[in-house]
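Q: quick one, what's the 3D model for this:
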Amino acid sequence: MKNPWIVRSFHSFLLVLLATAAQAQMIDNTQAPNTAKAGINKSLLDEIGAGRGDVMTPGSSVFIINRDPYRSIRRGRQLFQRKFTHVQGQGPNEKDGVGDINTDIAIGAGLSDSCALCHGRPRGSGGVGGNVVTRPDSRDAGHLFGLGLKEMLADEITTDLRNTRDLAIAKALQTHRAVSMKLVSKGINYGTITANADGSVDTSKVAGVDADLRVKPFFAEGSTISIREFVAGALHNEMGMEDSTDPDLLAASTGGRIVTPSGMVLDGSKDKISPPPPPDDDGNEIDPALVDHLEFYLLNYFKAAHYIQNSTTDRGRAVFAKIGCSSCHISDLTINHDRRVADVDTVYDATQANGVFNSMFATASTLYQDVNDGSGFPDLKLPLGNSFVVKDIFTDFKRHDLGQNFYERNWDGTLQTTFLTRALWGVGSTGPYGHDGRSISLNDVILRHGGEAKTARDAFAALKSNDQTALTTFLNSLVLFPPDDTASNLDPADPTKTNFPQFGHGSIKLTVLFNDPTDPE
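A: Residues are numbered from 1 along each chain as shown. Purely as a prediction, here's the structure:
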């Protein structure tokens, strides 16, 4: 940040990353004005602005993402919380719930009027919820904390694995003999691939990922590549709103290669990309500009937090590793090229001096560089693209068979037997547990493990009670948090405020970095 006023303001102004103090869902003030002036300040047409546009089109999504990125994050937040109306296209969902659910699982989705109806706990966060595409034995909506970090890690792992495959093929063609190579990325072993002398590939010993080596980080079974596909699918399946003209998904799903406004490469020549949903009777209902902001918001969404850390949690962490849980739930993974423009680190405030409302305090930092392109518009604010260690994510991005206790029935009578290793960050806030929400406690879900995790499960069962307690105490310290109720270096708590804690409890706020901080979202 070159402007010293911005540097000072970054640490002192009370402005917003994630809107004003907010519930999970938000009304539109232009539709339902209220005395408290709580809600979304821009109409849906204002949020669409000039459409997608480009970096030279003021008011467009691409312009805002590149020149005013924190406004885009907040706008995505508002869209995430927005209660869409029937006039705006909300509902009915996929085929209005009627049809062949054996071949179209989206028919089983609940109908929502906002993203936050499914992902809204803790209060006002991209947390856990309920209304998702169900199976006969249910499916629990996971939280969205750290979603962008998951997308980046999975994409980089995919690149590494495919580079290894391509190297094996090149060596096999050069030497006229079969070449086998281990598939390893970020310290994770995905088995072995063998390239034959004719350039064909044997993937029979590939483990935890599809034969095409694409790691898919979203949904319990690992079935979706990108945030953009995730957003477009949820808008259609759970809200009945169609992003039918999405240029990125249209191009990539028909074999093209595109880079989304958030920097994600979608290459239809290498991967099967989900096409945008067809329009319903009312036509296209979601402008792609809105998906741009939602994608950018979720790319930059917070990672989970740490609550009280002490000798008991330290002991639990050690026990977790000792009995083998960390062989799949790997704690730290490194991103080579970070596409975010901000990071937030949230921890328990042991002094209680700062986290006066919920004992948590967040430290925000910016991750962008100013680039003057000579256009006369505000500088481009582009991601630094640095390497970044993602701490305590606790996953290996592999699919595993955890035994019959975790198998999931499908509507067509088949069984889903393998699932992506659930990232454990935030696990202390997300009960009930399991991808299906069928385990009431951490103890229950650990003992439910079998299959590839049976050895670790049996080791847990054999622990002394104090070691079991230490382990679950450690897991319970990996928490989510409500951004609007968590004091930060951007908006510290002020208990002297009138009507505290309704006012002055602090929050996570970044709107000081808007090009025009006086223009509210």
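
Q: for the closest residue to L147 other than its chain neighbours, give me its contacts.
A: Computed as Cβ to Cβ, 6 or more residues apart in numbering, the closest residue to L147 that is not its neighbour in sequence is L298, at 4.7 Å. Placement of C-beta: from N, CA and C, glycine included. Neighbouring residues of L298 by Cβ atoms under 8 Å, 6 or more residues apart in numbering: G76, F80, G126, L144, L147, G148, I227, F230, V231.

Q: name the member of these with the most neighbours.
A: The residue in these with the most neighbours, by other Cβ atoms under 10 Å, is G76 (30 neighbours).

Q: following the least confident helix or strand in the chain by mean pLDDT, which helix or strand comes up?
A: Least confident helix or strand of the chain, by mean pLDDT, DSSP states H and E, is helix 4-10 with a mean of 37. Next along the chain after helix 4-10, taking DSSP states H and E as the criterion, comes helix 44-48.

Q: would you mark the buried spots in that next one?
A: L44, E47, I48 (16 or more other Cβ atoms under 10 Å).

Q: from the residues you listed, pick the one nearest F302.
A: Nearest to F302, judged by Cβ to Cβ, of the buried residues of helix 44-48 is E47 at 21.8 Å.

Q: grab the nearest non-local neighbour of that closest one.
A: For E47, the spatially nearest residue (Cβ to Cβ, 6+ apart) is R75, at 5.8 Å.

Q: also G506?
A: Using Cβ to Cβ, 6+ apart, the nearest residue to G506 is A487, at 2.7 Å.

Q: likewise for L420?
A: In space, L420 is closest to G222, 3.8 Å off (Cβ to Cβ, 6+ apart).

Q: against A456, how distant is that neighbour?
A: 20 Å (Cβ to Cβ, to the nearest Å).

Q: quick one on the thing from earlier: so what's the residue nearest to G506 up against?
A: N354, G355, V356, F357, M360, F361, A362, A493, H505, G506, S507.

Q: residues contacting R448?
A: L402, N405, F406, G434, S439, R457.

Q: hey, where'd the strands end up in the stretch 51-200 of the chain?
A: Along the stretch 51-200 of the chain, counting by DSSP state E, counting those that start in this stretch, strands occupy 179-185, 188-195.

Q: remind me, longest helix of this structure?
A: Across the chain, the longest stretch assigned as helix under DSSP state H is helix 147-175.

Q: taking strand 179-185 as reference, get the angle to it.
A: 170 degrees (axes from the mean of the first three to the mean of the last three Cα atoms, to 10 degrees).

Q: CA atoms only: put stretch 151-169 into PDB for me.
A: Provided in PDB are the C-alpha atoms of stretch 151-169 (Å, rounded to 0.1, in the frame of the first residue of the first chain):
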ATOM      1  CA  GLU A 151      -9.500 -24.600  -4.500                       C
ATOM      2  CA  MET A 152      -5.900 -23.400  -4.800                       C
ATOM      3  CA  LEU A 153      -4.400 -26.400  -3.100                       C
ATOM      4  CA  ALA A 154      -6.400 -29.000  -5.100                       C
ATOM      5  CA  ASP A 155      -5.500 -27.200  -8.300                       C
ATOM      6  CA  GLU A 156      -1.800 -27.100  -7.500                       C
ATOM      7  CA  ILE A 157      -1.800 -30.800  -6.500                       C
ATOM      8  CA  THR A 158      -3.500 -31.700  -9.800                       C
ATOM      9  CA  THR A 159      -0.800 -29.800 -11.700                       C
ATOM     10  CA  ASP A 160       1.900 -31.600  -9.900                       C
ATOM     11  CA  LEU A 161       0.400 -35.000 -10.500                       C
ATOM     12  CA  ARG A 162      -0.200 -34.400 -14.100                       C
ATOM     13  CA  ASN A 163       3.300 -33.100 -14.600                       C
ATOM     14  CA  THR A 164       4.600 -36.400 -13.100                       C
ATOM     15  CA  ARG A 165       2.400 -38.300 -15.500                       C
ATOM     16  CA  ASP A 166       3.600 -36.300 -18.500                       C
ATOM     17  CA  LEU A 167       7.200 -36.800 -17.500                       C
ATOM     18  CA  ALA A 168       6.700 -40.500 -17.200                       C
ATOM     19  CA  ILE A 169       5.200 -40.600 -20.700                       C
END
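
Q: and the contacts of A487 as a markdown table, adding secondary structure, pLDDT and distance to A207?
A: A markdown table is the format used below for the contacts of A487 (DSSP: H, G, I helix; E, B strand; the rest coil; pLDDT from 0 to 100; distance: Cβ to Cβ, whole Å):
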| residue | secondary structure | pLDDT | distance to A207 |
| --- | --- | --- | --- |
| N354 | coil | 89 | 45 |
| G355 | coil | 88 | 43 |
| V356 | coil | 85 | 48 |
| F357 | coil | 82 | 46 |
| M360 | strand | 95 | 38 |
| F361 | strand | 96 | 41 |
| A362 | strand | 96 | 38 |
| A493 | coil | 93 | 48 |
| H505 | coil | 92 | 48 |
| G506 | coil | 92 | 46 |
| S507 | coil | 91 | 44 |
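
Q: just give me the neighbour total for the residue nearest to L420.
A: Around G222 there are 22 residues (other Cβ under 10 Å).

Q: who's in contact with the residue nearest to E47?
A: Going by Cβ under 8 Å, 6+ apart, the list of residues near R75 reads K42, E47, I64, H293, Y297, E521.

Q: swap in 10 Å and give it another go.
A: Going by Cβ atoms under 10 Å, 6 or more residues apart in numbering, R75 touches 19, 40, 42, 46-47, 49, 61, 64-65, 68, 289-290, 292-294, 296-297, 521.

Q: could you report the distance from it to N300?
A: 12 Å.

Q: just D332 next, same as before
A: Distance of D332 to N300, given as Cβ to Cβ: 20 Å.

Q: so between those two, which is more surrounded?
A: Shown here are D332 and N300; by other Cβ under 10 Å, N300 has more neighbours (27 against 12).

Q: L463: neighbour count?
A: Using other Cβ under 10 Å, L463 is surrounded by 15 other residues.

Q: repeat for the one 5 residues further on
A: In terms of burial, Q468 registers 19 neighbours under the definition other Cβ under 10 Å.

Q: that one in helix, strand or coil?
A: Secondary structure, DSSP: H, G, I helix; E, B strand; the rest coil: Q468 is helix.

Q: which residues touch it?
A: Neighbours of Q468 in contact, by Cβ under 10 Å, 6+ apart: G316, V319, L442, N443, I446, L447, F460, A461, A462.

Q: 8 Å instead?
A: Contact partners of Q468, counting by Cβ under 8 Å, 6+ apart, are N443, F460.

Q: so it versus L475, what's the distance?
A: Q468 is 11 Å from L475, where distance means Cβ to Cβ.

Q: equivalent analysis for R438, please.
A: R438 is 18 Å from L475, by Cβ to Cβ.

Q: ditto for A493
A: Counting by Cβ to Cβ, the gap from A493 to L475 is 28 Å.

Q: returning to that earlier point: is it true that the residue nearest to L420 touches F419?
A: Yes. Between G222 and F419 there is a contact at 7.4 Å, judged by Cβ atoms under 8 Å.

Q: find residues that contact each of the two.
A: Common neighbours of G222 and F419 (Cβ under 8 Å, 6+ apart) are R399.

Q: highest mean neighbour count out of the strands of the stretch 51-200 of the chain?
A: strand 188-195 (a mean of 20; mean count of other Cβ atoms under 10 Å).

Q: give the next helix or strand downstream of that strand.
A: Scanning onward from strand 188-195 (DSSP H and E), the first element met is strand 201-202.

Q: separation between the residue nearest to L420 and P275?
A: Separation of G222 from P275 (Cβ to Cβ): 20 Å.

Q: just R340 next, same as before
A: Applying Cβ to Cβ to R340 and P275 gives a distance of 27 Å.

Q: contacting residues for N196?
A: By Cβ under 8 Å, 6+ apart, the contact list for N196 reads A172, A178, D202.

Q: which residue of this structure sits farthest from its center?
A: In the chain, H176 marks the outermost C-alpha relative to the chain mean, sitting 44.1 Å out by Cα atoms, centre = their mean.
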